[in-house]
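Peer 1: Need a 3D model of the following:
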Amino acid sequence: PPVNVLRYVDSNPVQLETVTPAFGQFHICFGAKNFAKSQEFLQNFSAIVEQHQSKFSKIYHQTNVDESNMKLDLLNHKRYTPVSSLFTISLVTAPKKHNNEFELEDLPKIFKPYRWSVYLDLQNSRSAFQTWFKNKNESEVGIIILRPDGYVGCSNSFKVTDSPQGVVDWLSDYFEVLDC
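Peer 2: Residues are numbered from 1 along each chain as shown. Predicted coordinates:
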């Protein structure tokens, strides 16, 4: 179902399922209802991915964008392919009272290049946390993998008190069939 969110960078309302153009990419969407409570977990996840040890880390870093092959287009592809030509990573959070509880500089390293893919869930009737990230409380981070065809490939949730290595392992298992 459609989900309405507010894009953090320009405060434009968008529908989460259609905001990322179809570039044949997977869309990995992280749902952290309370960014402050999830920040350490997300920072540790980012650090693990940067170590290049897991299958997911290797795929993520091996599919870097070759800007020389990209042609000018009207969609501004660099918003959605700043690091990987295979993944677009996004973050959805639900600030209290519609104010931003964080700055883009506070984002973990893996999310910083995707600043156009950071969204605020305004907790209305078509809220991301009511529709996509069901039963996700402030002590969990939900993750949804949208396939290139737009269908949900997989979803899971992780407690912020758990090791983020579980997220990396889960993503590695999902993407292990890719030979990059």
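Peer 1: Okay, now the unreliable bits of this protein?
Peer 2: Low-confidence segments of the chain (pLDDT under 70): 1, 20-23, 63-84, 97-100, 125, 134-136, 179-180.
Peer 1: burial measure for residue 13, as a count.
Peer 2: The number of residues packed near residue 13 is 11, by other Cβ atoms under 10 Å. To be clear about C-beta, it is placed using only N, CA and C from the backbone, and glycine gets the same treatment.
Peer 1: Across the sheet, point out what pairs with it.
Peer 2: residue 6 (DSSP bridges).
Peer 1: likewise residue 92?
Peer 2: residue 31, residue 119.
Peer 1: Going by residue numbers, what spans are strands in the chain?
Peer 2: Under the criterion DSSP state E, the chain carries strands at the ranges 4-7, 13-15, 26-32, 87-93, 118-120, 140-146, 152-159.
Peer 1: Turn the ones you listed into TSV, including distance to residue 166.
Peer 2: What follows is those, written out as TSV (distance: least, Cβ to Cβ, whole Å):
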stretch	distance to residue 166
strand 4-7	26
strand 13-15	30
strand 26-32	14
strand 87-93	17
strand 118-120	23
strand 140-146	11
strand 152-159	6
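Peer 1: Would you mind measuring from residue 30 to residue 88?
Peer 2: According to Cβ to Cβ, to the nearest Å, residue 30 and residue 88 sit 12 Å apart.
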